[in-house]
Every structure is written in structure tokens, then in C-alpha cells.
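Engineer: I'll drop the sequence and a predicted model, then ask my questions.
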Amino acid sequence: MRKAVASLILIIFTCVANADFPHTYIDQHPLKTVTANNIEISYREIGQRENPKVLMIMGLGASNRVHGDYLVRGIEQAGYHVLIFDNRDTGGSTRFNDWGQPTIWLQLLKNRLGLRVNTPYTLDDMAADTVGLMDAVDYKDAHVVGFSMGGMIAQKVAAQYPERVRSLTSVMSTTGAKHLPQPTKEARKALASLASGAAADERAKALSERGFYLDSMPRQYMAILDAGDRTAETSTIKVRTLVIHGAEDGLIPPLHGQHTAEVIKGSELVIFPVMGHNIPDEVLPKLLSRITSHMKSIDLFGLQRETQY
């Protein structure tokens, strides 16, 4: 079981954790906790409360610190109040360790056979957590930015709670459509030598130090498997959407981002050539610029619309 969990961790995060984004500025803001959707959610607020709101959602097993200072501070300096938080089962939010760990090979087999996997919670629950947090901190609406699994949650929030989403940005994420490609052969080959032994232990330690919660990863992965193909739901999204993906993403190949943009009518697709399933230092300024420009275009449109009346 330990080897299976280690393999899963590596499959998800070999590329993600290459960059070590500082979180000193994030840590200067107190980690608060509220009850939302019947669980405890830990969060931080950064920026002036009167500014337009941005809600950022992290990916698999990642705490709020993984957003990194550059993005969070850059969005704040662009004139926004930023809300970052720990998804359920990570960081200071309610953990589900008592549920135990899934038998991964069995759940993968069930998924391939079209059977429901065992999971303590769903992506729908995590979307409800997000909106529950917005209620708790008095966010009427927000620009919602999600990364990887966080992009899946963000898509669900935009589809199920459209009145709460001012704009959507989905980064290196997917609709989960069955026809989309699996991780590339090169990505699987690169992982083969890292899936056991000292290398796996070292990688797991590095991930923990960077704000990832390893025990939660298999459970959150089950929530992703349980969600299946979300194309039909994602196609109902009406809010202005920016889809960002990396041309070198071997874990979630760029066709996933292209498909997301295709099914969300009127969305904008940006593919960064040197980006994989991570955000390289050289891409960070460009990604920040794209995200803030997208949000500001919606805010400007809103001001113009109000001025007309």
C-alpha cells in the first residue's frame, strides 16, 4: 500500500513541485478558521477589503501556501482583495484521516469498469465548501482562479453557483472527458525510476516541506475519479472564462485545456510554450499579467455597464 500511495504522489506531483515558490508574505497574514458546509475551513485574507474580490483554489493535496508570494502579492497589487484557503483534508481545514486510505489499484480497476469508486467526499462537496467559505467571509461574488484540481472545483462553482462567480480562470485543468489523452509516455517513463525507494521518500519529504499534504492526495484523487466526465456540466458555464495551459504538460496534456476552452462558449485559451504541469519562473509574470488583465476587463465592463444607466 505504501508503494502504491508513493507512486500516486509522484505521478501527480513530479512536475508540479519542481519550483519552490516562497510563501513568506503569505505567512504574514493570519490563518483563520470558520465553519462552512459543516466542516472547518482555514483561510487567509490578503489586501484591502473594499477592493474587488479574488478567490484562489489550490490543487491536489496543496495548502494555501502553495500559491506562492509572487502570484498572491501580484494580484493584491493589481487592486484586489485575495482569499486563499485550505481545501478540505489539507492544512488547517477538517482532515479525513479517520476514513483511511483507498486501495488504489482496486479503485482504479473499478473506475475502468465504470463502477463508482470509494471516496469520503466529492468535488461537489469541495465546490460547496468554497461557496460556504464565501458566505462565511461575506463575499457576494468573486473572480475565481483554480489550479489543476482547483480548476475542476472552480469549474463546478461556476456551473453550479454562477451568481457567485464574477469571472473564471482555469489553469492546467480539465473537463475529465474520456476521449482526452492520458499522461504522455515520456511522463510515465520519467516517473518509473522515482516510484519507489529513497527517491520516493526524498520527493515525499520535499513535498511536505512545500505545503503539500500527502495523506490527503489519494482521497482527493478518488474525488476526481468519482466526478468522471464533467463536459456536460462545464458546457453550461456562462461567466467570462480564461483557460491557461502548458504546451509541455505531460500529466494533463494541452488537449485538456483546449477542450475546456471549446466547451465553455466565448472563453479565451492561452497556451504557454515552456510550461508543463507547473509554473516556471519565466512564465509567472506572463501568467499573472494574463490573469489580472482578464479580471480587469470584466471589472471595466461592469463599470461601463453601470455608467450607461
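Structural biologist: Yep, it's here.
Engineer: show the contacting residues for residue 153.
Structural biologist: By CB atoms under 8 Å, 6 or more residues apart in numbering, residue 153 lies in contact with 57, 87, 123, 126-127, 130, 146. Where you see a C-beta, it was placed from the backbone N, CA and C, and this is true even at glycine.
Engineer: can you give me the strands for the stretch 1-150 of the chain?
Structural biologist: Taking DSSP state E, counting those that start in this stretch to define them, one finds strands in the stretch 1-150 of the chain at 32-36, 39-46, 53-57, 81-85, 142-147.
Engineer: just checking: what are the partner strands of the last one?
Structural biologist: It stands for strand 142-147. strand 53-57 (parallel), strand 165-171 (parallel) (DSSP bridges).
Engineer: now the most centrally placed residue in the chain. Nearest residue, chain neighbours left out?
Structural biologist: Geometric centre of the chain, nearest residue: residue 150, 1.9 Å, by CA atoms, centre = their mean. Of all residues not flanking residue 150 in the chain, residue 57 sits nearest, at 3.5 Å (CB to CB, 6 or more residues apart in numbering).
Engineer: could you check how far the one you found is from residue 215?
Structural biologist: For residue 57, the distance to residue 215 equals 20 Å [CB to CB, to the nearest Å].
Engineer: so those two - more neighbours on which side?
Structural biologist: Per other CB atoms under 10 Å, whichever of residue 57 and residue 215 has more neighbours is residue 57, with 29 against 17.
Engineer: show me what the more buried one is bridged to.
Structural biologist: Using DSSP bridges, the bridge partners assigned to residue 57 are residue 146.
Engineer: go through the longest helix along the chain and flag the buried ones.
Structural biologist: For the chain, the helix with the greatest residue count under DSSP state H is helix 284-307. By neighbour count with 16 or more other CB atoms under 10 Å, helix 284-307 contains the buried residues 284, 287-288, 290-292, 294-296, 298-299.
Engineer: I'd like those residues as CSV, with distance to residue 260 and pLDDT appended.
Structural biologist: Below are these laid out as CSV (distance: CB to CB, whole Å; pLDDT from 0 to 100):
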residue, distance to residue 260, pLDDT
284, 21, 96
287, 16, 97
288, 20, 98
290, 15, 98
291, 16, 98
292, 20, 98
294, 15, 97
295, 18, 97
296, 22, 97
298, 18, 94
299, 23, 93
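Engineer: re the thing from before, what helices and strands are in contact with the longest helix of the chain?
Structural biologist: Packed against helix 284-307 by the contact rule (3 or more CB pairs under 8 Å, 6 or more residues apart in numbering; DSSP states H and E) you find helix 69-77, strand 142-147, strand 165-171, strand 241-246, strand 268-272.
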